[in-house]
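**Q** Coordinates for the following, if possible.
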Amino acid sequence: MSATYLNPLKKSFFDHTDCHLCPHLRRIEDRGGERRLTSVRMICGRTHIGLYTDTGKRQHRFMPAFPLSSSGKPSNDVFPGDLITRRGGRISANEDAAAFIHVAPRMMPLPVLVSVPHAGRSYPENVLANMRDPQLSQLRLEDRHVDALGVEIARATGTGLLVSHAPRAMVDLNRAEDDVDWEMIAPSREDEPRARRTAAGPVGTNARARSGLGLVPRRLPGFGEIWRQRLDREELDRRIREVHQSYHEFLGQELARIRDEWGAALLIDLHSMPPLRPTDGETAAPRIVLGDRFGASCHNALISRAFGYLDREGCAAAHNRPYSGGYVLDRHADPRNAIHAVQIEVCRSAYLDIGLSKPSAALGPLAKMLAGLVRELGAQTAGLGNRGDMPQAAE
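**A** Numbers count the residues shown, from 1 in each chain. Here you go, the predicted model:
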């Protein structure tokens, strides 16, 4: 079957019969004319378009590129009204600055949400004043400028983008609420048993928190203590409530909404990592590490497709080692109910300067390659949803 579609913005036609990123085109065409306007269901990686059916007449509607500035702030200058922007949470008790921002096209051409939990750089003055070495701590703790990669990926693909403005130094969104090192928390005005409680219930100090990188990071390898003074218990509770809980509640709701609209949803949890060394038998160190919690967070077809794409691109990649994903995947991935999640760790030397501090000219080409990966995974996820599958997690 051949089909030609109008792009109403460019006043031109496209033939997408053979597009490998529109695998369900023929099946939808064979269904006959639907008599109502449906939400976006089709994908084409080259033009990011959606299939509409309106009184039996079919056409592809052009989806504009994601209009975000390189700073991550939304811009409606090109396509006014086509974006939905949401802000939530609060970074500081003394300011109204939002802890996160979510931006997405009003009609998403892909069932994908990209989250960036570790690139926040909005530091309250009192937080910086309490750091022993603010510059070093920021550089070591942040996934430095990986939000710029997220912006370029979203602009190229039309995915939703969720970015935390709250810095990891204040609260780590990839840790559970009970990952608290209580030795760094000043005693509460209440008694000690009550002091060791969070919104999730009574807790103790676990191994991850004792290592120095818990819910609020305490120590850095080779450097030692991050903070001059302990954190007040009341401030810890506020950060959990206004940063951590608000972020994860929104993330969960948005994934459920995408799944309900498409039949399946994919979360791409985007991070950056220090340069790795080649392991035995490898000629090059991985530039990307894909994490799926050892098969528990997504359908195995998604990981297979991801590695196939990266192999074709000549990008050295690793699977789950040394990063398999963390609390974000543990909390939100639910492949049995069609919510899939993959963590992507990108080597900082692949897009930052030699000091791993500022974006380099390599950021653009890397973002383009990652956008292609997101299109591939988005197409696969849409296929899972269109089939009505409730796929099982890989063993």
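**Q** Can you give me the distance of N94 to N126?
**A** 8 Å (C-beta to C-beta, to the nearest Å). Placement of C-beta: from N, CA and C, glycine included.
**Q** G281 too?
**A** In terms of C-beta to C-beta, G281 sits 49 Å off from N126.
**Q** With neighbour numbers in mind, choose between those two.
**A** The neighbour comparison of G281 against N126 (other C-beta atoms under 10 Å) goes to N126, with 11 against 5.
**Q** Are we agreed that that one is in a helix?
**A** Yes. Judged by DSSP: H, G, I helix; E, B strand; the rest coil, N126 forms part of a helix.
**Q** could you point out the longest helix in this protein?
**A** Ranked by number of residues, the top helix in the chain under DSSP state H is helix 363-386.
**Q** roughly how far out does that one sit from the chain middle?
**A** Distance of helix 363-386 from its chain centroid, counting by C-alpha atoms, centre = their mean, to the nearest Å, is 13 Å.
**Q** quick one: buried residues of that helix?
**A** 363, 366-367, 369-386 (16 or more other C-beta atoms under 10 Å).
**Q** Give the other helices and strands that it contacts.
**A** strand 112-116, helix 146-157, helix 246-262, strand 265-273, helix 300-312, strand 339-347 (3 or more C-beta pairs under 8 Å, 6 or more residues apart in numbering; DSSP states H and E).
**Q** So which of those is nearest P187?
**A** helix 246-262 (26.5 Å; C-beta to C-beta).
**Q** Report the buried residues of that closest one.
**A** Residues of helix 246-262 classed as buried by neighbour count (16+ other C-beta under 10 Å): S246, Y247, H248, F250, L251, E254, L255, I258, R259, E261, W262.
**Q** and what of stretch 281-292?
**A** In stretch 281-292, counting by 16+ other C-beta under 10 Å, buried: P286, R287, I288, V289, L290, G291, D292.
**Q** So of these, which two are at opposite extremes in space?
**A** R287 and D292 (17.9 Å).
**Q** So which residues of the stretch 101-250 of the chain form strands?
**A** 112-116, 160-164, 197-198, 201-202, 219-220, 224-225 (DSSP state E, counting those that start in this stretch).
**Q** okay, these in JSON lines with mean pLDDT next?
**A** Shown next, in JSON lines, are these (pLDDT from 0 to 100):
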{"stretch": "strand 112-116", "mean pLDDT": "98"}
{"stretch": "strand 160-164", "mean pLDDT": "98"}
{"stretch": "strand 197-198", "mean pLDDT": "55"}
{"stretch": "strand 201-202", "mean pLDDT": "45"}
{"stretch": "strand 219-220", "mean pLDDT": "94"}
{"stretch": "strand 224-225", "mean pLDDT": "94"}
